[in-house]
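A.B. asks: Sequence and predicted structure, then a few things I'm wondering about:
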Amino acid sequence: MTEPTGKYSITMPRDIAEAARSRSGPSGLSAYVAAAVARQIERDNLSELIQVAEAEHGPITDDEVQALRDQLHHARQGQPNGGAAA
């Protein structure tokens, strides 16, 4: 079952709207814009989570980020197909 939808009027620069329309494919502009907004909400939620974590534990250092990237890289190397999706 899909979520109920509503009709909204938005304003955006014409060049952005036309680029979105040209890339929207068979699902249409509304679905393309909805997916873009959903991704932005996910990013906003993640940013809020990071702010809370950093307030509690301090900022994440570049060394910590690199160490986690290295762990992820090594974990992916251990998976079939180098961690690529099947």
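C.D. replies: Ah, there it is. Numbers count the residues shown, from 1 in each chain.
A.B. asks: So, low pLDDT: which residues of this protein?
C.D. replies: 1, 81-86 (pLDDT under 70).
A.B. asks: Please enumerate the helices of it.
C.D. replies: Using DSSP state H, the helices found in the chain span residues 14-23, 29-57, 62-77.
A.B. asks: TSV for the ones you listed, including distance to P4 and mean neighbour count?
C.D. replies: For the C-beta atoms, the positions are set from N, CA and C on the backbone; glycine is no exception. Output for the helices of the chain, formatted as TSV (distance: least, CB to CB, whole Å; neighbours: other CB atoms under 10 Å):
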stretch	distance to P4	mean neighbour count
helix 14-23	23	10
helix 29-57	13	11
helix 62-77	38	10
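A.B. asks: Mind checking those helices for the one nearest to T5?
C.D. replies: Smallest distance to T5 across the helices of the chain (CB to CB): 8.2 Å, for helix 29-57.
A.B. asks: which other helices and strands contact the closest one?
C.D. replies: helix 14-23 (3 or more CB pairs under 8 Å, 6 or more residues apart in numbering; DSSP states H and E).
A.B. asks: Any idea which residue is closest to the centre of the protein?
C.D. replies: Geometric centre of the chain, nearest residue: R39, 4.4 Å, by CA atoms, centre = their mean.
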